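Asker: what would the 3D arrangement of this be:
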Amino acid sequence: MNKKIWRLVLTGENDAFFNMAVDEVLMESVRQGTSLPTLRFYGWQPPAISLGYHQKIKEVVDLEKCRKAGIEVVRRPTGGRAVYHEKELTYSIVATTDSALFSKSILKSYLVIAGAFVEGLKHLGVKAEIQRRPVETRHGVSLLCFSTPSFYEVMVAGKKILGSAQRRINGVLLQQGSLLLAGEQKNSIPFLGSNLSLTEIEEKTATVERLLQRKVSFDEVKDALVEGFSEKLSVEFVVQDLTKLEKERVDFLKWRIKNENI
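Answerer: As a prediction, this is how the structure comes out:
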């Protein structure tokens with residue numbers, strides 16, 4: 001079977017506003033037909049908190065505490081709940097909604113992508129599985145994305161290791177998510193607040209390093225995931241930098257996104 005060609009974009013660690021601007025620009029490029037379907041891996045420097053598209057920043061985050069600690073706060077183009085970003089591998093997938101891989105059902109596309117992550121984690125030595133139904137919780141709705149698994153979440157021994165959210169705009173799908181490498185979601189409590197204790201959050205989440213009981217590099221995890229995606233989705237990846245026009249657009253959107261969050 002001939003594999004479809006996808007674009008692989010690796011932007012390293014950047015600030016929160018750059019990261020969100022790039023994903024918006026990739027959506028524009030795919031919509032305009034100037035980019036192949038794209039898988040992007042990236043990190044965050046400095047640490048940041050991203051909020052779902054519909055969350056109200058002042059109701060969720062203590063902005064003053066974040067500023068004093070040097071933690072950036074940004075709104076994602078996708079939905080979901082707050083995510084604390086530190087020592088993780090973040091991904092985004094951009095494709096047209098008429099792609100053969102992604103049906104018009106959001107849940108089915110979640111399942112496809114979750115399957116690719118399970119395959120990639122297997123190459124890393126992590127035995128993950130897909131949570132088919134949301135997990136009931138006695139705590140009600142939490143501010144934290146990683147506190148409660150939803151449909152088709154990637155889990156390890158009942159703990160959540162990957163958080164994802166998706167949005168579809170004008171025929172283009174954007175799914176963003178965070179794979180916890182070593183960063184702990186309990187570190188977000190002073191800035192977000194939560195109805196969960198430090199112990200409870202730790203019991204609900206897993207990190208790659210805790211599972212493997214060793215240090216892992218961003219590149220090691222990225223390479224395993226690329227292999228898993230290639231096998232599971234039957235795609236071949238071509239590494240491409242952002243084009244000159246995309247970089248110029250990112251610079252403009254970064255300024256807009258940063259000022260929207262003040």
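Asker: centroid residue for the protein?
Answerer: residue 177 (1.5 Å; C-alpha atoms, centre = their mean).
Asker: that one - nearest residue in space that isn't next to it in sequence?
Answerer: Among residues not flanking residue 177 along the chain, residue 164 sits closest, at 3.4 Å (C-beta to C-beta, 6 or more residues apart in numbering). For the C-beta atoms, the positions are set from N, CA and C on the backbone; glycine is no exception.
Asker: isn't there a helix covering that neighbour?
Answerer: No. Secondary structure of residue 164 (DSSP: H, G, I helix; E, B strand; the rest coil): strand, not part of a helix.
Asker: circling back to that earlier point, my read is the residue nearest to the centre of the chain is in a helix, agree?
Answerer: No. Read with three-state DSSP, residue 177 is strand and lies in no helix.
Asker: per-residue pLDDT of residue 190, please?
Answerer: Looking at residue 190, its pLDDT reads 83.
Asker: residue 23 too?
Answerer: The per-residue pLDDT reported for residue 23 equals 98.
Asker: excluding its backbone neighbours, what's nearest it?
Answerer: Residue 23 sits nearest to residue 92 (C-beta to C-beta, 6+ apart), 4.7 Å away.
Asker: so what does residue 105 look like in phi/psi?
Answerer: Per-residue torsions, residue 105: phi -90, psi 120 (degrees, to the nearest 10).
Asker: that older thread, the residue nearest to residue 23 reaches residue 40, doesn't it?
Answerer: Yes. Counting by C-beta atoms under 8 Å, residue 40 is a contact partner of residue 92 at 4.6 Å.
Asker: so between the two, which is more surrounded?
Answerer: More crowded of residue 92 and residue 40, by other C-beta atoms under 10 Å: residue 92, with 26 against 20.
Asker: count the neighbours of residue 231 for me.
Answerer: By the criterion of other C-beta under 10 Å, residue 231 has 15 neighbours.
Asker: which residues touch the helix or strand that contains it?
Answerer: Taking DSSP states H and E as the criterion, residue 231 maps to helix 218-233. With C-beta atoms under 8 Å, 6 or more residues apart in numbering as the test, helix 218-233 has contacts from 3, 8, 10, 39, 41, 43, 89, 91, 101, 112, 115-124, 179, 181, 208, 235-237.
Asker: tell me which entries of those residues lie within strands.
Answerer: Members of the contacts of helix 218-233 lying in strands (criterion: DSSP state E): 8, 10, 39, 41, 43, 89, 91, 179, 235, 236, 237.
Asker: how about these, which pair is most distant?
Answerer: 43 and 236 (24.4 Å; C-beta to C-beta).
Asker: compare the two and say which is more crowded by neighbours.
Answerer: residue 43 (19 against 12).
Asker: verify the stated contact: the more buried one with residue 13.
Answerer: Yes. In this structure, residue 43 is within contact of residue 13 by C-beta under 8 Å, at 3.9 Å.
Asker: and residue 122, how far from residue 132?
Answerer: Remark: distance between residue 122 and residue 132 (C-beta to C-beta, to the nearest Å) = 18 Å.
Asker: more crowded one of the two?
Answerer: Between residue 122 and residue 132, counting by other C-beta under 10 Å, residue 122 is the more crowded of the two (16 against 9).
Asker: how far away is the closest residue to that one other than its chain neighbours from residue 164?
Answerer: Of all residues not flanking residue 122 in the chain, residue 228 sits nearest, at 6.8 Å (C-beta to C-beta, 6+ apart). Residue 228 sits at a distance of 15 Å from residue 164 (criterion: C-beta to C-beta).
Asker: show me what the helix or strand hosting residue 83 is packed up against.
Answerer: Per DSSP H and E: residue 83 is located in strand 83-85. If contacts are counted by 3 or more C-beta pairs under 8 Å, 6 or more residues apart in numbering; DSSP states H and E, strand 83-85 sits against strand 48-51.
Asker: low-confidence stretches in the stretch 1-150 of the chain?
Answerer: Applying pLDDT under 70 to the stretch 1-150 of the chain flags the ranges 1, 133-150.
Asker: good, we can wrap up now.
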